Structures are given as structure tokens and as C-alpha cells.
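J.: How does the following fold in three dimensions:
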Amino acid sequence: MADRDSEYQEAQNAASSEGGRTAEDGCAHCHTGNWIHIRYEYPNEMPVTDAIYVVQKPNNGEPGGEVIAEGVLTVTDQSQHEFIHVDLGEYSGEVEVFFFDDPTEPEPIEEPAPVEDERAWYEKAATAIVQSASDAASWTGGVLAGDFNEEMSTGQIITNAVVTAIPVVDQVADVRDLVANGKALVWDKRYNEIAVWVGVFACLIGLVPSLGSLAKGVIKVIWRNAGEIGRVLVYINKALFKMGKAPNGYRFVRQLADDVVAQVGFVAGKFDDFLGVLAEKIALARHIMPGKVAEALATLEMVRAMSRQKLDEAAHAIRDKILQGLARHASRAYSVLPAQSIVVRRATKLIIEMGPFPNWERHMGRPGFDASAIEAGARQTADTDRVRIAAIKRSAGQWKNEILADLHAHAKRTGLSKAEKDAVNALIASANHSKFLETLETFGAKPTYRIFQPGDRVYRVISNEGGISGRFWSPERPPRTEAEWRSRDAVRNDWNNGGAYVVADVPPPPAAFEGEIGPQDLSAAGKPGMMLDGGGTQTFMIDSVPPNRIREYWYTEWNAPTSALQAARNAANWMECDL
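T.: Okay, the predicted model is just below:
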């Protein structure tokens, strides 16, 4: 921990202060002008370490206002200082402070080689795609599965992207991405899968000046799990600290949500260039496999015709993921005046008291929970809601037929590994089960299927220890409040008291159906005229998760053994801060 403090201090000295003043002449100079002091701590007064702060102009206590400053919380239990000094520059009015948490540390990774010759890079990817058609073995075992399937940690992805920070794509990782997604579009005809287009978009946006590899890294992590947003922001700002640069991770990610939509034309143009090179390479293989080449070229032109629309859809899907992640995982914003210090205490005790636990804890069961009460997050049902619920039930049969058609087409692909074949067959068996239609009615739109890769992780809120056998899981941890969880995931009180959640490593089971959660009419629960919105993402397992795959148990934040504490504000003094 002392080493980590040293790293932070060196970075702060290099970056001077948030306002750009030097700190070499001591605290007297630094405490002129407009500034505040910030401390973020647990209820036992120990400092929260791995988190970032954002200071904004007033926005009614909600994140999303104009950002003045942001940075890493460098106070630890071994620090000589208790507060972070934040220079407000020319702004002299009231400000608001909010936080993003993450309890982990970044992991270093070697910097990849950037692309120097764009045309040569396209040709390399195109050649690999053509070769894959005649060499199915190269696609087994995930050899060319693409960067989106790599077992890289969030810390590795983001820290590396910040260090690289070049307005080009990364040669090794991104050529694999383009190969994987190009093959999926042209050879496998998966041009209706949004994830494939997101992969193309994330790869090529690295060519945009000012965005570079960091944009790709952020998109990759947040698309995989919006719950990683806090970790992304912590890693960006830590890496910038170490490089002696002003922290701007929150501002970069928030702006990226708009940039991805604004750059659709640029990305579509680059993709069209790539398709041109790919068409040339495919045509060269006419003498080897004439029938397949003709089919591939026809598919390629179909992909070219739809690419602008599909990339636009991918950009908006990425934007929504980013904005949802920022909204769900920020703390509330606390007001403070210049020359004041503010102490904000987390709503939960030290992480060890909330979790993880190796086994079920007795108090996780929420004794006294009233299942007959109106669900937190419920609202009145409107006529449009009733129409939508009825439409979902009518559509479920069509969804089933389309899913089975997709799965049977997948099963016929060449070059599948044994694990992938087994997973697809298991999905087909599950979709043919008599109860599957009933399951589909819990979705808000046709779900996709997901074949798990080693290292994947899922989450499930439970009422008791037996809840681990349930089939409905989530790709991310539950939100901070019960109202948000019940509304988003459409969970009735009599189904689940929401006392705890578990984290599981998959596979097994090998696969699941995943998609938007549909609305829940509460009439059957004795609450006519009330409903839960849904709209989150659910992962329906084709089989129960084995008990030995349960990684850890956690209290949900609303059931954690503590209560929220308020922010405390006082007149600040120069002795308490990190300058």
C-alpha cells in the first residue's frame, strides 16, 4: 500500500494539481483561489481507496452536470493526508461531488504494435478470412475467436489502451477482431446479430483521431457488462495519473457515448474500404472453390448494402450501454461550497462485511420481509402496457421458431469445436422443451443465445441458499437499490425477497438464452393495476448452475448490515489535504 501511495504522489507531483498549479512552493500557494477538499470513507471512518471522484456544477443532486474536475481517490489508511485537494479554477460557486467505486487493482500488459499501413492491415485480415473458408481447423479452439472473446481482465484492457492511446487500431488484437467478425458476416451470414456489428464498430473506431484504442477498450468492456463502468473509470484515471496527465476518464467515456453516433459515417467508410479489399481476396479463390466464392461475394454485397444501417444500430446500442452504465453506477451527487471540506460516507460497511462470503449467511434471509406489500419500483399499469404484454405473448411462438431456425443453421456450420457443437445441441434441446414458450413470455423481445466461454461470470439475487438452483440469472451485479432492481428485472416480492446475491463461474452449463426482460403484471400477485417495467437483461440457463461453480455470496446493498450515512461539510484547512 505504501508503494501505491508513492505511485499516486509521484503522479500528482508530475501533474501538479487539478488546476495546473505547481505544488513545489507548499500549501499556502495552492490554497488561494477556488478549491474544495474531498474525503470518501466507510462508516467506520476508514477511507475508500479504489474509487474516482467527479466534481460538477450543480445538477439537482444528480450526476450528469458540467464537469469541473475528476480524479483518483489517493487517501489510504497509511496516508499522511485525509483529504484530496481539488482546484476549481475560475469557478467560485457551489459544486457537487459524486463517486464511482471499484475495489480492484489494474494489471499491466505489454503494449501492442500499432498499425502503420492501413491497406496492408485490411489485406491481412481479408486473407485470413478467405483462408478460413478452406481451413476450418484454424477456427477451432478459439484460435481466431477475436479480441471480444479474449480472457483479458478489465484492468488489462483499459490500462493498456490508455498507455497505447494512439489514433489507430492495434495490429495483433484488432486484426483478429476484424477476421472474426468478417467471417461471421460473410461466411456464417450472421449479419442480423447486433454483437457482430458492435465488434466491427469497436475495431474500426480505433482509426478515429482523438479516440484511438481507448475507445475500443471502453466499448469492449462496457458492452460485455455495463456494471464494469466504475472499474473502467478508475483504471483510466489511474493510468493517466501515472503518465502525469490530467485525469479525464469520466469526461472521455461520457463524450464517447455521443462520439460513437457521430462517427458512424467515418466507420462505415472504413468498413466499406475493408469490404473492397475482402472482395478482391475472395475473387482470387475462384479456381479453388468457385461455388463458395460466388455465394460469398453475393453475401458480401448484401452486407455492404446494409452496413450503414447496421453500424448505426450498433452505435446507438453502444451509446445506450454507456449511458446506462454511467447512470446506474454513480453515487448521488453531494453539494459543497468553495473552501469547504466534505466527508461522504458509503452506505455500506467495509467490503468484507457486505461480502464476499464463501457460504450463505443467516441474516441474508431478510427476516420480517413483507411479501404482500407493493413491490418497490412498481407503478400503475397503463393501456399501452397491457397492449405490449399481450403482444409479447402473441410473439413468443414466432420467436421460438426463429430461435430454432437460427440454432439449426448454427449447427450446420463447418469447423465447429466439439464444445460449441455440444452447446448448440443443448440449446436446441432446451428450445424444444414444452416449457420454453412460457419462458419466452418473460422476455420483452426475442432473446439471443449465448455460448459461455471459460472465465464468464453470472449473477443471481436469491432469498435463501436453495435459490442457487434457479435458472434466471443476470450478466451483471444487482443495482444499489431494491426499487431499481425489482423494476429493472421485474421481480415480484413473493418470488424473491432480494436479501443476497451469488456470483458463479460458467460454464457449465454450456449456454443460455439472453435478452431484454419483459414487463410484469402484478395482478396475479394480488395487486391489480400495478406492474414492474422490466427492461434489464436476463440470462436463462439451459440447466442449473452446479453448486461447485458458485464463487461467492454477497449481501445486496439494500440488505447490507448497516444504514446510509449523510455527507458532512466543514470549513477546510490547508493541513488536512494531499498538497
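
J.: any chance you could map the helices in the stretch 251-400 of the chain?
T.: Remark: helices assigned in the stretch 251-400 of the chain by DSSP state H, counting those that start in this stretch are 264-283, 290-329, 351-354, 383-411.

J.: how does this protein divide into domains?
T.: As given by automatic domain parsing, the domain ranges for the chain are 2-106+331-348+565-576, 118-328, 351-559.

J.: Of the ones you listed, which stretch is the most buried?
T.: Stretch with highest mean neighbour count among the domains of the chain: domain 118-328 (a mean of 20; mean count of other C-beta atoms under 10 Å). For the C-beta atoms, the positions are set from N, CA and C on the backbone; glycine is no exception.

J.: any idea of the mean pLDDT in stretch 77-89?
T.: Average pLDDT, stretch 77-89: 85.

J.: now swap in stretch 100-108 and tell me
T.: 51.

J.: now swap in stretch 423-435 and tell me
T.: The pLDDT scores in stretch 423-435 average 96.

J.: Only alpha carbons, please: show it as CSV.
T.: Presented in CSV, the C-alpha positions along stretch 423-435 are these (Å, rounded to 0.1, in the frame of the first residue of the first chain):
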residue,chain,number,x,y,z
ALA,A,423,-23.6,-26.3,-26.6
VAL,A,424,-25.7,-25.7,-29.7
ASN,A,425,-27.3,-29.1,-29.4
ALA,A,426,-28.1,-28.5,-25.8
LEU,A,427,-29.7,-25.1,-26.7
ILE,A,428,-31.8,-26.9,-29.4
ALA,A,429,-33.0,-29.4,-26.8
SER,A,430,-33.9,-26.6,-24.4
ALA,A,431,-35.8,-24.7,-27.0
ASN,A,432,-37.8,-27.8,-27.9
HIS,A,433,-38.9,-28.3,-24.2
SER,A,434,-42.6,-27.9,-23.5
LYS,A,435,-42.0,-25.1,-21.0
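
J.: contacts for it?
T.: Residues outside stretch 423-435 that contact it (C-beta atoms under 8 Å, 6 or more residues apart in numbering) are 400, 403-404, 407-408, 410-411, 416, 436, 449, 451-452, 507, 509-511, 513, 542-543.

J.: follow-up on the earlier one: any chance of JSON lines for the helices of the stretch 251-400 of the chain, columns mean pLDDT and distance to Ile236?
T.: Below are the helices of the stretch 251-400 of the chain laid out as JSON lines (pLDDT from 0 to 100; distance: least, C-beta to C-beta, whole Å):
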{"stretch": "helix 264-283", "mean pLDDT": "86", "distance to Ile236": "22"}
{"stretch": "helix 290-329", "mean pLDDT": "85", "distance to Ile236": "13"}
{"stretch": "helix 351-354", "mean pLDDT": "50", "distance to Ile236": "22"}
{"stretch": "helix 383-411", "mean pLDDT": "94", "distance to Ile236": "37"}
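
J.: so which helix or strand takes in Arg457?
T.: Arg457 belongs to strand 456-462 when assigned by DSSP states H and E.

J.: Packing partners of that strand?
T.: In terms of contacts (3 or more C-beta pairs under 8 Å, 6 or more residues apart in numbering; DSSP states H and E), strand 456-462 is packed against strand 472-473, strand 500-506.

J.: other SSEs contacting the first one?
T.: Spelled out, it's strand 472-473. Secondary elements touching strand 472-473 (3+ C-beta pairs under 8 Å, 6+ apart): strand 456-462, strand 537-541.

J.: Okay, angle between the last one and strand 500-506 too, please.
T.: Right, the one you point to is strand 537-541. Computed by axes from the mean of the first three to the mean of the last three C-alpha atoms, to 10 degrees, the angle separating strand 537-541 from strand 500-506 equals 60 degrees.

J.: What strands flank strand 537-541, and is each parallel or antiparallel?
T.: For strand 537-541, the paired strands and their directions (DSSP bridges) read strand 472-473 (antiparallel), strand 511-516 (antiparallel).

J.: report the angle between the axes of the last one and strand 456-462?
T.: Spelled out, it's strand 511-516. 70 degrees.

J.: Give the next helix or strand downstream of strand 511-516.
T.: Next element after strand 511-516 (DSSP H and E): strand 520-521.

J.: I'd like the distance from the next helix or strand after that next one to the chain centre, please.
T.: Next in sequence after strand 520-521, counting helices and strands by DSSP H and E, comes strand 530-532. Put simply, strand 530-532 sits 27 Å off its chain's centre (C-alpha atoms, centre = their mean, to the nearest Å).

J.: Which elements pack onto strand 530-532?
T.: Strand 530-532 packs on strand 379-380, strand 520-521, going by 3+ C-beta pairs under 8 Å, 6+ apart.

J.: Same list, those, but as a markdown table with mean pLDDT please.
T.: Compiled in a markdown table, those are given as follows (pLDDT from 0 to 100):
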| stretch | mean pLDDT |
| --- | --- |
| strand 379-380 | 86 |
| strand 520-521 | 96 |
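
J.: Tell me the spacing between Val54 and Ala333.
T.: Per C-beta to C-beta, to the nearest Å, Val54 is found 8 Å from Ala333.
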